[in-house]
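K.L.:
sequence and predicted structure are below.
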Amino acid sequence: MKRNIKEFLLITLGMIMVAAGLYFFLMPSNLAIGGANGLAIVINYWIPSISIGVLMIIINIVLFLLGFLIIGTGFGIKTVYAGIGTSVIVSIFEKVIPINSSITDDIILQLIFGVFISAIGMGIVFNQNASTGGTDIIAKILNKFFGIELGKGVMLSDLAIIIGATASFGIELGMYSLLGAIINSIVIDSTIEGMNLSKSVSIVSNCSGEIQNYIVEELERGATIYKAQGAYTGEGKDVIMTVVDRKDFIKLRNHIKEIDENAFVTVNNVYEVIGDGFMDISD
């Protein structure tokens, strides 16, 4: 229950960021970098009587059906919430905070702020095994069946929309949209990696017993003990290997420093950990 609440809170934060990036920065400049919003911007150009928010809802409903059929209901329920929620937030912005022009005349600033805000939000939503809808669903399908990274999958899915934007708004805006899609894919993958970052730690210490107890009892993490022999001294040593998140790594490092300043510690970044206490293999 607690995990589900956390997931939906993170999804809500992500979809608010996506909607804000789209509405305040990308949409006023006709920067269709892809997704349901990009397609909606293009369609709105040809059918201005239908608002972008309403178009996003219609497009998402069609793609949701595809997601339910191929990816399954677990993904679909959270995606319906995120996708419809994002579209509704955009519609609310249109009603409450109408924007008739861009915040700034600098289209590069509009592009950078819009892409970074929305891509970080999208990465947060993706990390909860959901999607903000649109072509994100297609990217999730590509990731499931072909192992294509989500950010790159989004970029591939959005190329057709960018071509449509080029035809509608001209080659210059089309080029900006393509640049935005590339940056978008990089930021999404970086956000997901950053959220899942853990530390793989190997420790050689004369106080190995105390360190083992600290990891198991205080940090509530597992550890593996290897028997080794020092090349210089020939003495037998215990090598402790554990994987912890960034917060627990700081605690562990400070504890080792307090009890054994001569400990030998190596640390590596780990971007995905599957198993007890980390990501479930079914995710």
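P.N.:
Right, received. Where do you want to start? Numbers count the residues shown, from 1 in each chain.
K.L.:
and residue 12, how many neighbours?
P.N.:
Neighbour count of residue 12, defined by other Cβ atoms under 10 Å: 16. In this view, the C-beta of every residue, glycine as well, is placed from N, C-alpha and C.
K.L.:
now the helix or strand bottoming out on mean pLDDT in the chain - C-alpha only, CSV.
P.N.:
Using mean pLDDT, DSSP states H and E, helix 136-146 stands out as the lowest-scoring helix or strand of the chain, at a mean of 77. Extracted in CSV, the C-alpha atoms of helix 136-146 (Å, rounded to 0.1, in the frame of the first residue of the first chain):
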residue,chain,number,x,y,z
ASP,A,136,5.7,6.9,-24.9
ILE,A,137,3.5,3.8,-25.0
ILE,A,138,5.1,2.8,-28.4
ALA,A,139,8.5,3.4,-26.8
LYS,A,140,7.6,1.1,-23.9
ILE,A,141,6.6,-1.6,-26.4
LEU,A,142,9.9,-1.2,-28.2
ASN,A,143,11.7,-1.5,-24.9
LYS,A,144,9.8,-4.6,-23.9
PHE,A,145,10.2,-6.6,-27.1
PHE,A,146,13.5,-5.2,-28.6
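K.L.:
middle-most residue in the protein, spatially?
P.N.:
residue 123 (1.8 Å; Cα atoms, centre = their mean).
K.L.:
please report the distance of that residue from residue 245.
P.N.:
18 Å (Cβ to Cβ, to the nearest Å).
K.L.:
picking that back up, packing partners of the helix or strand following the least confident helix or strand of the chain?
P.N.:
Counting by DSSP states H and E, the next helix or strand C-terminal to helix 136-146 is helix 150-169. When contacts are defined as 3 or more Cβ pairs under 8 Å, 6 or more residues apart in numbering; DSSP states H and E, helix 150-169 sits against helix 35-46, helix 136-146, helix 171-195.
K.L.:
hey, least reliable of these by pLDDT?
P.N.:
Ranked by mean pLDDT, the helices and strands packed on helix 150-169 end with helix 136-146 at the bottom, a mean of 77.
K.L.:
contacts for it next, please.
P.N.:
Under the contact criterion Cβ atoms under 8 Å, 6 or more residues apart in numbering, helix 136-146 has outside partners 35, 63-64, 66-67, 70-71, 75, 79, 122, 125-126, 131, 148-151, 153-154, 156-157.
K.L.:
one step back: with distance to residue 257 and mean neighbour count added, can I get the helices and strands packed on helix 150-169 in CSV?
P.N.:
Shown next, in CSV, are those (distance: least, Cβ to Cβ, whole Å; neighbours: other Cβ atoms under 10 Å):
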stretch, distance to residue 257, mean neighbour count
helix 35-46, 47, 24
helix 136-146, 41, 20
helix 171-195, 26, 19
